[in-house]
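Novice: Here you go, sequence then predicted model.
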Amino acid sequence: MGRPKATLSFSRLLSFTARQDPQQARRFRLGASLVTIRYMVNLIGKRDQEADQLNRQLQQAGKMASVVELSAGVAHEINNPLAIILTERQILLDSAGQTPSLDGEFKAQLHESLCQTDTQVHRCKRLTQNLLRFSRRTKSVAEQKIIQKVVESPSAAFSLFGKGKGRKK
């Protein structure tokens, strides 16, 4: 024969205590209720903290999306005048080269000045290209995830791309 089990369920312990001392049973129930309430309050507090953190992350992601859109817009708006400046610079260089009556020293200074303009315009173009690259980077992350899904499940490729000419749904 084995030893009798010494474990009591919560309800059996409560009924045993109630028979022995009803006052003690009420205190026991009250204590158990307080422990349960404290646990629930802590659990709700943790969930609220997690929700607040997720909301902050969502707000930060929204701000980043705005920055990305702004950088793309700024880059495009700067690129248009830069193209015009480069065109006008080339026109001036061509005109200076075809005008024999200009002083040689003036031509040299003009050429040097226009070369400096060219250098600075290309510098600005590199900056705008970096802004555009930055704005496209977030899109490529989404594309990479789509590619990963297609690689993981080739049948997904047919559902994504197989709705072309001559194919049935």
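Specialist: Noted; the coordinates are in hand. Numbers count the residues shown, from 1 in each chain.

Novice: helices and strands of this protein: which one has the lowest mean pLDDT?
Specialist: helix 154-161 (a mean of 53; mean pLDDT, DSSP states H and E).

Novice: Could you report the separation of Asp47 from Leu54?
Specialist: Quick fix: residue 47 reads Arg, not Asp. Arg47 sits 10 Å away from Leu54, going by Cβ to Cβ, to the nearest Å. Heads up, the C-betas are built off the backbone N, CA and C, glycines and all.

Novice: Repeat that for Thr117.
Specialist: Distance, Thr117 to Leu54, using Cβ to Cβ: 50 Å.

Novice: more neighbours, the two?
Specialist: Between Thr117 and Leu54, counted using other Cβ atoms under 10 Å, the more crowded position is Thr117 (16 against 10).

Novice: in the protein, which ranges drop under the pLDDT threshold?
Specialist: Along the chain, the parts satisfying pLDDT under 70 run over 1-19, 137-169.

Novice: so where's the longest helix in it?
Specialist: helix 22-98 (DSSP state H).

Novice: so what secondary structure elements neighbour that helix?
Specialist: Helix 22-98 sits against helix 10-20, helix 104-152, with contacts defined as 3 or more Cβ pairs under 8 Å, 6 or more residues apart in numbering; DSSP states H and E.

Novice: what residues does stretch 95-104 touch?
Specialist: If you take Cβ atoms under 8 Å, 6 or more residues apart in numbering as the criterion, stretch 95-104 is touched by 107, 110-111.

Novice: Show me how to select, in ChimeraX, the buried members of the residues you listed.
Specialist: Burial among those is assessed by 16 or more other Cβ atoms under 10 Å; the matching ChimeraX selection reads:
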select :110
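
Novice: any chance of the contacts of stretch 95-104 in TSV, with distance to Gln24 too?
Specialist: Shown next, in TSV, are the contacts of stretch 95-104 (distance: Cβ to Cβ, whole Å):
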residue	distance to Gln24
Lys107	109
Leu110	104
His111	103
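
Novice: Between the contacts of stretch 95-104, which sits nearest Leu93?
Specialist: Among the contacts of stretch 95-104, His111 lies closest to Leu93 (Cβ to Cβ), at 7.1 Å.

Novice: which SS class is Pro100?
Specialist: For Pro100, the assignment made with DSSP: H, G, I helix; E, B strand; the rest coil gives coil.
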